[in-house]
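Engineer: Okay, here's the prediction I keep looking at, along with the sequence it came from:
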Amino acid sequence: MTAAALAPSPTPTPQAPAAPSAAHAQAVERAAIDASTSGPVLFFFGNGLLWLLLATVLGFISSIQLHSPGFLADIPFLTYGRILPAFTNALGYGWATLSGMGVAIWLLARLCRVQIKWPGVLITGAIFWQIGLTIGIVQILAGKSTGVEGLEIPGSSAVLMLLGYALVGLWGALLFGYRRQGTAYISVWYLVAAMFWFPWTFALAHISVAMPSVQGVVQNLVGAWAVQNFLNIFITSIGLAAAYYLIPKVINRPVHSYNLASTGFWSFILFTGLTGAVRLSGGPVPVWIVTLSIAATILLIVQLVTVSANLLLTMRGQYHMVYHSPTIRFTFFGAIAFSLAGVTGLFSSLRSVDRVLHFTHFQSAQSYLLLYAFFSMVMFGAIYYILPRLVGCEWLSSSMISLHFWGAAYGGGMLIAILGIAGIAYGSALADPETLFSQVIDAGAVYYIAASIAWGMILIGHLVFALHFLLMLLRIGQPGGEPTLFAPIGEEKH
Amino acid sequence: MNRSLTLFAGIIGSFAFSCYALLIVPQRQLGGLQPQFTEDEGKITDIYPVKNEGLEAGRAVYKSEGCVYCHSQQIRDEQNGTDIFRGWGVRRTVARDYIFEKAPFLGSMRLGPDLANVGSPEWRNEPKDEDPKYKPAKRDAAWHLLHLYAPQTVIKNSNMPPYRYLFETRKIVSQPSADALALTGKDAPKPGYEVVPKAEAKVLVGYLMSLNKSHPLKEVKGSAPEVAAK
């Protein structure tokens, strides 16, 4: 007997057994809700995917420039120092935010059992967001960045983005306000947290940076706080919300423990907001701020353990689903990456480790682990689950899904491993007083070509996914009803 | 509906606490930092840091080219890395060093050396050693310009991109210009042509050569006892 079944109010979503007629009524209701979300959610996913392709190309170029510094160096707007922030902004505010909002809106509508009215408002929001983001990235490429790492987009464009977000956030809040499901499922908690934290962080950070009284290193602190909240609260919350929904749903059993989920959520929301200053560890800020953030990062072990245990225990005995279901394969990969990111984040925040790894590619590896291997993989899993319910047909080809997984999981995993190892090698060389700086450069250089190969694999994966997505939009797929699986359930490979 | 109330209170409360701890308190502590100075019989001398509007143009080029994505501008103390040993600075940098900077370029990556003190004549990118093979190059304006135009000509295995678009190649009229780069080999322009820095390159080099955060500060122990004792 699982704890969920004993909880005072059972978790509603994953497959409450019901009488056939009630099940039919529920299916009709779900179909109606899905239909109401299809316009905006498809718009979010489709646009998010375009940003993902742009980000992949920019990331690929920036990776090539590490081993071939002359590559595209004579074109001012493609120089490394402009490509890199354009890449991170396209990935974070383009792909991650749009795909995340698409999943969030769809999940909220489903879990609150509310149909979306005036879907045009959501689409308008996404359009404003993207106009602001496009202008912002053009400004970065034109050399008009604010110079604050993580807040490179100039304030004027950020205002447009925030305006667009406000429409989406308002609709999300209305979905929650009009919910017809008495008890909010765990995913809903995370989604409400994400939708509240993000706009306030984004707005406050841009306002603070623009204020004349805020100057010097406080601005770096604001930037670190904003990046940390974006990655570790907004993105992480949506990823966990989706994982908590998809895993129980596809393997058809309730989430293992409501109490573990609750403990995980509350420790997450209490401590994560204090962790931002680890990004400035060792730097010219008062020591207490960094100490506070390290302490908060260590306390997050509570969330790490409870969430990991809960998802693993939910999957217990059903690991073969990784072999059959695309959604589970991507989502479970993401869940593992979440745990791994928690562990590496914990260790790398410790002063003794940070002083070696601070100014190296290990930091990028850590960010990609969270943003790509965890979040993006869960989003891919969610899109594989959601899209057939919106367009009325199933994914055309399991080989294309396999190829996408190959590029994303192997390419992405390889990239993260290479950057992580490169960071350790580079940091160790830098920390060794006997090593000349030119030798430090060489310690990193051996890894960069391998990183570019990994980027190539990721690009192939994303192109295949985009093509598959386009086919779905054109309703070219298998007839609806049964999900496209890698292999029929019950047929084990070994 | 008590549960949603708890949820909202928790989310808003945790956000407020996060803002308070990481934005408001640090701003209160650091927002009012003033330059350090020595007061001697009513005469104020030795003010540090000082505001220098003249460097803003060069700073803007540094910002727009994204130098910060490979070069940090912060020195950690001896316990936290080899920064001082390598010759990037003589003391760690602290918040007061940055009070006149809008968006300080602290940086989070060191694909290249730290530049917090690159304008100081003592700056070096090699361990302190009397061995002549570590002897640093004299980094004057001509060196910096050449390094920006073709980094690999001055540092063999540098992975810094060239910034040729900050320069122009033009035909020599009557006499070569005084600021033409001394280029040789494959980097040299065609005969009868010369490579000269654009205004952006000149102000950028001016900014780089101004970077120096080695002035002693009271809050940094050991940075210069005779001044700090005051």
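Structural biologist: It's in. Worth saying up front: this structure is predicted, and the values here are computed from it rather than measured.

Engineer: ok, and the helix or strand in chain A with the lowest average confidence?
Structural biologist: Lowest on mean pLDDT, DSSP states H and E among the helices and strands of chain A sits helix A:3-6, with a mean of 36.

Engineer: Please determine whether the helix or strand following it lies in contact with chain B.
Structural biologist: Later in the chain than helix A:3-6, the nearest helix or strand by DSSP states H and E is helix A:20-67. Yes. Judged by Cβ under 8 Å from any Cβ of the partner chain, helix A:20-67 comes into contact with chain B through A:Gln65, A:Leu66, A:His67. For every residue, glycine as well, the C-beta is placed using N, CA and C.

Engineer: now those residues: which count as buried?
Structural biologist: Burial by neighbour count, 16 or more other Cβ atoms under 10 Å in any protein chain shown: within the residues of helix A:20-67 next to chain B this picks out A:Gln65, A:Leu66, A:His67.

Engineer: Now pLDDT too, for those residues, in JSON lines please.
Structural biologist: Below are these laid out as JSON lines (pLDDT from 0 to 100):
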{"residue": "A:Gln65", "pLDDT": "95"}
{"residue": "A:Leu66", "pLDDT": "94"}
{"residue": "A:His67", "pLDDT": "93"}
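
Engineer: So which residues of chain B form strands?
Structural biologist: B:36-40, B:43-48, B:167-171, B:193-197 (DSSP state E).

Engineer: shaky segments in the chain?
Structural biologist: Unless you meant another one, I'm taking chain A. A:1-20, A:481, A:490-494 (pLDDT under 70).

Engineer: nope, chain B
Structural biologist: B:1-2, B:127-137, B:222-230.

Engineer: Mind doing that once more with 80?
Structural biologist: B:1-3, B:126-138, B:221-230 (pLDDT under 80).

Engineer: Point me to the residue of it nearest chain A.
Structural biologist: B:Gly66 (2.2 Å; Cβ to the nearest Cβ).

Engineer: Could you give the number of residues near that residue?
Structural biologist: B:Gly66 sits with 24 neighbouring residues when counted by other Cβ atoms under 10 Å in any protein chain shown.

Engineer: can you tell me how far it sits from A:Phe87?
Structural biologist: 11 Å (Cβ to Cβ, to the nearest Å).

Engineer: B:Leu204 now?
Structural biologist: In terms of Cβ to Cβ, B:Leu204 sits 23 Å off from A:Phe87.

Engineer: Which of these two has more residues huddled nearby?
Structural biologist: Neighbours per residue (other Cβ under 10 Å) separate B:Leu204 from A:Phe87, with B:Leu204 holding more: 26 against 22.

Engineer: Spit out the contact partners of the closest residue in space to the more buried one that isn't next to it in sequence.
Structural biologist: What sits nearest to B:Leu204 in space, not counting adjacent residues and going by Cβ to Cβ, 6 or more residues apart in numbering or on different chains, is B:Val61, at 4.2 Å. Going by Cβ atoms under 8 Å, 6 or more residues apart in numbering or on different chains, B:Val61 touches B:Leu166, B:Glu200, B:Ala201, B:Val203, B:Leu204, B:Tyr207.

Engineer: Identify, from those, the entry nearest to A:Arg279.
Structural biologist: Closest approach between the contacts of B:Val61 and A:Arg279, by Cβ to Cβ: B:Tyr207, at 25.2 Å.

Engineer: For chain A, which residue occupies the most central location?
Structural biologist: A:Phe375 (3.0 Å; Cα atoms, centre = their mean).

Engineer: Can you tell me, leaving aside adjacent residues, what's nearest to that residue?
Structural biologist: Nearest to A:Phe375 is A:Gly239, by Cβ to Cβ, 6+ apart, at 4.2 Å.

Engineer: Can you tell me the number of residues neighbouring the one you found?
Structural biologist: Using other Cβ under 10 Å: A:Gly239 sits among 30 other residues.

Engineer: tell me which element it falls in.
Structural biologist: Applying DSSP H and E, one finds A:Gly239 within helix A:236-251.

Engineer: starting at the chain centroid, how far to that helix?
Structural biologist: Centre-to-centre, helix A:236-251 and its host chain are 12 Å apart (Cα atoms, centre = their mean, to the nearest Å).

Engineer: right, and the helix or strand after that helix?
Structural biologist: Following helix A:236-251 in sequence, per DSSP H and E, is helix A:258-271.
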